[in-house]
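> no sequence on this one, just coordinates:
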């Protein structure tokens, strides 16, 4: 017999081997993102904890995943209270413990009390769910690295990366464990530049996010003279490194090819620190393919509490899937 507890904070030992584990989830949910509320479903069989599923709740516009254009504008009025298993910014959905039809049915019943539109974000296509519509999500670029990474690369690609890195040589480059207080506001401002430029906007981070997560992070920093014009936030654990966020001063970074240099420096950092894989973030796929990243598919699963609306979701599956422009 299953029963569920709804927890405000992650239970001890939640995702202990993941870079984005309990500490990251807790730091994120206390960063004053007013559009979200967070929690964890702890599933027990008799008295034994068998599953922990993180969730978040938000107001969700159906056009959120669409590129800018007439269709996005025309669907802007359709919104739901979304209750979602997963995390707003972690690309791969993670449930700890048993993932079975029985445990997911119990979780979905509890989730249905939080919102009208239910979702499981970033999971495999074959997640054992009944009555959900499965829609393709953004694939996650994952790069395998090691000491022979550059030697194994074709010479034309290796030379291309050398040229792009050389273009940024006039910038001062620093690596920093954590983030100094005096750079938090500047890092947030640079992040907002990339947020404004993004075609898909799901969350909008606060300065508190960067302050809360700095103890978990390494920062790669890029200065023009003494002014910070770019950053990369990295979070790593074990064999796995995650490229969390970047930020750029677009008015001055293009001249130095900074965007490309940031990812090359991330690869160099990962190799030097002994990581075996880097999750590069679900954007700008073309350059990440040049680096050698493979694309890990993800699926989002949706169900509306209203049977008719749920039927319509099945017919509108394409609206919920990434556009061609987002996959470039």
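Right, received. Where do you want to start? If you're wondering where the values come from, they're calculated on a predicted model, not measured in any experiment.
> got a list of what residue 224 touches?
170, 171, 172, 249, 252, 256 (CB atoms under 8 Å, 6 or more residues apart in numbering). Heads up, the C-betas are built off the backbone N, CA and C, glycines and all.
> secondary structure element for the nearest residue to the fourth one once chain neighbours are set aside?
Ranked by CB to CB, 6 or more residues apart in numbering and with sequence neighbours excluded, the top spatial neighbour of residue 249 is residue 229, at 4.0 Å. In this structure, residue 229 is located in strand 227-237 according to DSSP states H and E.
> ok, whatever helix or strand comes next after that strand: who's next to it in the sheet?
Downstream of strand 227-237, the next assigned helix or strand under DSSP H and E is strand 240-248. Strands that pair with strand 240-248, judged by DSSP bridges, come out as strand 227-237 (antiparallel), strand 277-279 (parallel).
> tell me the mean pLDDT for the first one?
What it means is strand 227-237. Averaged across strand 227-237, pLDDT comes to 98.
> buried residues, that strand. List them.
Residues of strand 227-237 classed as buried by neighbour count (16 or more other CB atoms under 10 Å): 228, 229, 230, 231, 232, 233, 234, 235, 236, 237.
> the last one: what's it in contact with?
With contacts defined as CB under 8 Å, 6+ apart, the neighbours of residue 237 are 17, 18, 19, 21.
> state the distance from it to residue 167.
32 Å (CB to CB, to the nearest Å).
> all strands of the stretch 101-250 of the chain, in order?
117-123, 133-136, 140-144, 172-177, 218-224, 227-237, 240-248 (DSSP state E, counting those that start in this stretch).
> can I get those in JSON lines with distance to residue 93?
Formatted as JSON lines, the strands of the stretch 101-250 of the chain follow (distance: least, CB to CB, whole Å):
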{"stretch": "strand 117-123", "distance to residue 93": "4"}
{"stretch": "strand 133-136", "distance to residue 93": "13"}
{"stretch": "strand 140-144", "distance to residue 93": "11"}
{"stretch": "strand 172-177", "distance to residue 93": "29"}
{"stretch": "strand 218-224", "distance to residue 93": "25"}
{"stretch": "strand 227-237", "distance to residue 93": "17"}
{"stretch": "strand 240-248", "distance to residue 93": "14"}
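> how about those, which one is nearest residue 201?
Residue 201 sits nearest to strand 240-248 of all those, at 13.7 Å, using CB to CB.
> rewinding a little: and the contacts of residue 237, which two are furthest apart?
17 and 19, at 8.9 Å, using CB to CB across the contacts of residue 237.
> tally up the residues packed near residue 222, please.
25 (other CB atoms under 10 Å).
> separation between the closest residue to it other than its chain neighbours and residue 256?
In space, and not counting its chain neighbours, residue 222 is closest to residue 230: 3.9 Å by CB to CB, 6+ apart. Noted for residue 230: a distance of 9 Å to residue 256, by CB to CB.
> shared neighbours of these two, anything?
With CB under 8 Å, 6+ apart, residue 230 and residue 256 have common neighbours residue 171.
> just the residues contacting stretch 11-25, thanks.
Contacts for stretch 11-25 (CB under 8 Å, 6+ apart): 10, 38, 40, 42, 49, 52, 54, 87, 90, 94, 96, 213, 216, 235-238, 240-242.
> could you redo the last one with a cut-off of 7 Å?
10, 40, 42, 52, 54, 87, 90, 94, 96, 213, 216, 235-238, 240-242 (CB atoms under 7 Å, 6 or more residues apart in numbering).
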